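A.B. asks: got a structure for you, letters missing:
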């Protein structure tokens, strides 16, 4: 599939592109949106859900970008690591913070397997909720 | 493998158990450590690295627990979801925060695959670092 | 490892290459087979099982290629996405169909994690089979 | 988190539950929706996107359920395997079809790793699109 | 799907069951084969490939069982961890060996993500083969 | 992040680099360590645990390198496949051994999913340990 630029885009795609640009105060949308525009229903759906969840809420926006980076590393999505690292930096993430994040990602991927290997039973104290 | 209780434990295992209990101010260690004690070298290594990374640092401890939960959900490690959710709640995570976290986890796992499906090229603007 | 061309191939590798070319009515085999030829036992095994399962059966061949693409995206195998997308297109998949497939892949990867996060118990109605 | 029944639900949750019941012609929603209701924004988002994508479109609904099952097996989501297998059966999937699907899932997960192990370069013929 | 016992099995399934029992010198086949028998083509294919690869070859059989356990832990397949751990023990694996194996599994899953996080370029010295 | 060369490195990083070079009898450390040096705590932790586990122990060092390669293929970590394949070759792995290893990796990833698809119950005989 090719990317779809604003000039070639159907009206329902342009509407999403316009909303992304207005919400994020940018001149153009990232490559992801230009490719996702090949499926206008998902373009609208992905954008609206990210807009609803990734902005201010119960967790601060930087925390959510860091979580996004952590999952993207775990799943090995190069594009997503690059784009959400950039968002995290724009929201205040320093090199020190990202280095510590990578450490947590490594440790979690390690202990996830160790817990499975040993078939560790869940402690009673963890079952309240 | 069976879990190893303090009474049965070798001195180098007891030393780690004692440090966990002192550091976390708890009376007993969680099941994970009792199973990991079957491999005393890794017991020491996992504990020392978690102690170094998961405490105060460049990211606050709650953020790191939330990242841990997010990766554990992605990897489907039931024990790790339970134990790190409990740690997150102990550090202040509310139901609202966890629900929003789950939303981010779902969205990241979705867009990771969409970016791969479309082979989206990394934007020039993301390549500075 | 290097790829193995027909001229260099041992007789048991040539036999598989010949069967692939005859079955698929092509002049040469794809790169995958030329690399898999480094392990002639697996070459024979993978080819025979794909030949048995991916042709006409209880599911139509296009459906099976789409499933293959969906899993390859989930596992992030670039070669497999490319080769099975080409097969899917050769069997009639349009851009619209692939775009909708990508949407399903994204959604399934999202709800897989949300179901795990909430530890949703399986409904009684789903347990009949 | 606990499941949320219709009687306890906030108006925006009830609205989604009502739409699911009307669209699917069922008396009650599945457990997934009752747990997802803990995050009403994602409840609405997941439902609206599944409603848009999983119904009639460029791929037939049964094909999409089979893809969903295939990904859920790959990711080892027990709930999703159960619920989408039930949906696939309701849309006409037979035991023979599901058995053949499982075979494709196994083969794809195998060749995904073999292609990565051999670092197979993408054939020129696969690069047109 | 239900498991298929020898008495109910079709002739081509019985032939595979007989070969498994003769090869492994056992009175009955494991549950995996009784379920895989629902798809007789894959039953034959999986058995013949495991028979060809997992026996004596270029790697010793115990090493191959340990690799199987390591991957099954990484993918979180409870059945496969149990069955291949039993095979490994039958071929000589001690508790000490399995504990060390789990350590390697944990470490590999950790450094896989750290290498991806840092986008470490492959050293020239590793590119000879 | 950029790689960190010995000349630019802080004393605690140099100490780890020196120990790697002395232990492995090499003139320079691999790229992985130069990037991991951005997080000196994890540099020390990863090195010390690999040093403890990957050397002589209950499993021979070649077996452990092969397990590392197998997991790295499963997780699709290109750097780790390259570096641990090189280590495996340095410890005696032949082309034939690696080809057979790849076969085991493919088969395990296949049967992991087939066992999950059929929800195969663990045999009583596997439950002793």
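C.D. replies: Received it, and whenever you're ready, just let me know what you need. Note that the structure is a prediction, hence the values are computed from the model and not measured.
A.B. asks: contacts, neighbours, all on C-alpha from now
C.D. replies: OK.
A.B. asks: Get me the contact residues on chain A for chain E.
C.D. replies: Counting by C-alpha under 8 Å from any C-alpha of the partner chain, the residues of chain A close to chain E are A:73-74, A:76, A:81, A:102-103, A:105-114, A:116-117.
A.B. asks: Next, the contact list for the residue most central in space within chain A, please.
C.D. replies: The structure's chain A has its C-alpha centroid closest to residue A:68; by C-alpha atoms, centre = their mean the separation is 4.0 Å. Applying C-alpha atoms under 8 Å, 6 or more residues apart in numbering or on different chains to residue A:68 gives the contacts A:81, A:84, B:104-105, B:108.
A.B. asks: which SSE is residue A:80 in?
C.D. replies: Per DSSP states H and E, residue A:80 falls inside helix A:78-90.
A.B. asks: can that helix be found next to chain B?
C.D. replies: Yes. Using C-alpha under 8 Å from any C-alpha, helix A:78-90 reaches chain B at A:79-80, A:82-83, A:86.
A.B. asks: Which residue, other than its chain neighbours, is closest to residue A:65?
C.D. replies: Nearest non-adjacent residue to residue A:65, counting by C-alpha to C-alpha, 6 or more residues apart in numbering or on different chains: residue A:88, 5.4 Å away.
A.B. asks: pretty sure the one you found is in contact with residue A:70, am I right?
C.D. replies: No. Counting by C-alpha atoms under 8 Å, residue A:88 does not reach residue A:70; the two are 11.3 Å apart.
A.B. asks: out of these two, which sits in the busier spot?
C.D. replies: residue A:70 (32 against 23; other C-alpha atoms under 10 Å in any protein chain shown).
A.B. asks: For that one, give me its contacts.
C.D. replies: Here residue A:70 is in contact with A:101-102, A:105, B:67, B:71 (criterion: C-alpha under 8 Å, 6+ apart).
A.B. asks: can you rerun that using 7 Å?
C.D. replies: For residue A:70, the contact set (C-alpha atoms under 7 Å, 6 or more residues apart in numbering or on different chains) comprises A:105, B:67.
A.B. asks: Next one: it from chain C, what distance?
C.D. replies: 15 Å (C-alpha to the nearest C-alpha, to the nearest Å).
A.B. asks: same deal with residue A:5?
C.D. replies: Between residue A:5 and chain C the computed distance is 17 Å (C-alpha to the nearest C-alpha).
A.B. asks: Which residue is the nearest non-sequential neighbour of that residue?
C.D. replies: Per C-alpha to C-alpha, 6+ apart, closest to residue A:5 is residue A:34, 6.3 Å.
A.B. asks: right, and the one you found touches residue A:2 too?
C.D. replies: No. The criterion here is C-alpha atoms under 7 Å, and residue A:34 misses it with residue A:2 at 8.4 Å.
A.B. asks: So those two - more neighbours on which side?
C.D. replies: A direct count of neighbours by other C-alpha under 10 Å for residue A:34 and residue A:2 places residue A:34 higher, at 21 against 13.
A.B. asks: May I ask which helix or strand encompasses that one?
C.D. replies: Per DSSP H and E: helix A:31-36 holds residue A:34.
A.B. asks: tell me which element residue A:50 falls in.
C.D. replies: Here residue A:50 is covered by helix A:40-54, with elements defined by DSSP H and E.
A.B. asks: how many neighbours does the closest residue to chain C within chain A have?
C.D. replies: Nearest to chain C in chain A, going by C-alpha to the nearest C-alpha, is residue A:39, at a distance of 5.6 Å. By other C-alpha under 10 Å, the residues close to residue A:39 number 19.
A.B. asks: pLDDT score for the nearest residue to it once chain neighbours are set aside?
C.D. replies: Nearest residue to residue A:39, sequence neighbours excluded (C-alpha to C-alpha, 6+ apart): residue C:99, at 5.6 Å. Note on residue C:99: pLDDT of 98.
A.B. asks: helix/strand/coil for residue C:99?
C.D. replies: helix (DSSP: H, G, I helix; E, B strand; the rest coil).
A.B. asks: gap between it and residue C:29?
C.D. replies: Distance from residue C:99 to residue C:29, counting by C-alpha to C-alpha, to the nearest Å: 28 Å.
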